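In: using only what follows, build the 3D model:
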Amino acid sequence: MARPALRRLMTLEAPSTAIDGGGGQSVTWAALGALWADVTAVTASEPLSGARDRARVTHRILVRGAPEGSPRRPAAHQRFRQGSRVFGILGVAEDDAEGRFLRCWVEEGGGG
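Out: Numbers count the residues shown, from 1 in each chain. Have a look, this model is predicted:
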């Protein structure tokens, strides 16, 4: 397997829910740390959603492996941020048998 080019610095963020005092909840995002990543666009589509078009772009993001339970290991429902771009994590799996890298399937604009 060729070594991935981890050239994009991304921030891994996790959601935190708080009661807003008006009977609802608000979600804030806390940075867990910075990870170097290789980002590849996978699909792009514009499905009709109601009366408005909504562009959907999915990516595959590779990062260095981390053990289960580590705050450096991405998980579904977290997100990556790079500047103003946000990538909601849909799923995570080991990319290789040794667990040296993790493959994350993400949707740009997802994750809040």
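In: where along the protein do the helices fall?
Out: Counting by DSSP state H, the chain has no helices to list.
In: quick one: low-confidence residue ranges for it.
Out: The chain contains residues with pLDDT under 70 at 1-2, 46-54, 110-112.
In: where is the longest strand in the chain?
Out: Looking across the chain with DSSP state E, the single longest strand is strand 25-45.
In: name the residue most distant from the centre of the chain?
Out: Gly22 (29.9 Å; CA atoms, centre = their mean).
In: roughly how far apart are that one and Ala55?
Out: Counting by CB to CB, to the nearest Å, the gap between Gly22 and Ala55 amounts to 32 Å. Where you see a C-beta, it was placed from the backbone N, CA and C, and this is true even at glycine.
In: ditto for Asp20
Out: 30 Å.
In: and if you look at Ser16?
Out: As judged by CB to CB, Ser16 and Ala55 stand 28 Å apart.
In: same thing with Ser45?
Out: Note on Ser45: its distance to Ala55, by CB to CB, is 8 Å.
In: what of Arg100?
Out: 33 Å.
In: between the two, which has more neighbouring residues?
Out: Neighbours around Arg100 and Ala55, counted as other CB atoms under 10 Å, are more numerous at Arg100. The numbers are 13 against 10.
In: pull the contacting residues for Leu102.
Out: Neighbour list for Leu102: 62-66, 73-74, 92-95 [criterion: CB atoms under 8 Å, 6 or more residues apart in numbering].
In: does it have beta-bridge partners, and which?
Out: Taking DSSP bridges as the rule, Leu102 bridges to Val63, Glu94.
In: quick revisit: same for the longest strand of the chain, what does it pack against?
Out: For strand 25-45, the packing partners by 3 or more CB pairs under 8 Å, 6 or more residues apart in numbering; DSSP states H and E come out as strand 8-19, strand 56-64, strand 79-82.
In: Gln78: how many residues sit nearby?
Out: 20.
In: that one and Leu90 touch, don't they?
Out: No. Taking contacts as CB atoms under 8 Å, Gln78 lies outside contact range of Leu90: 10.4 Å.
In: ok, back up a step: got the angle for the longest strand of the chain vs strand 56-64?
Out: Angle, strand 25-45 to strand 56-64, by axes from the mean of the first three to the mean of the last three CA atoms, to 10 degrees: 100 degrees.
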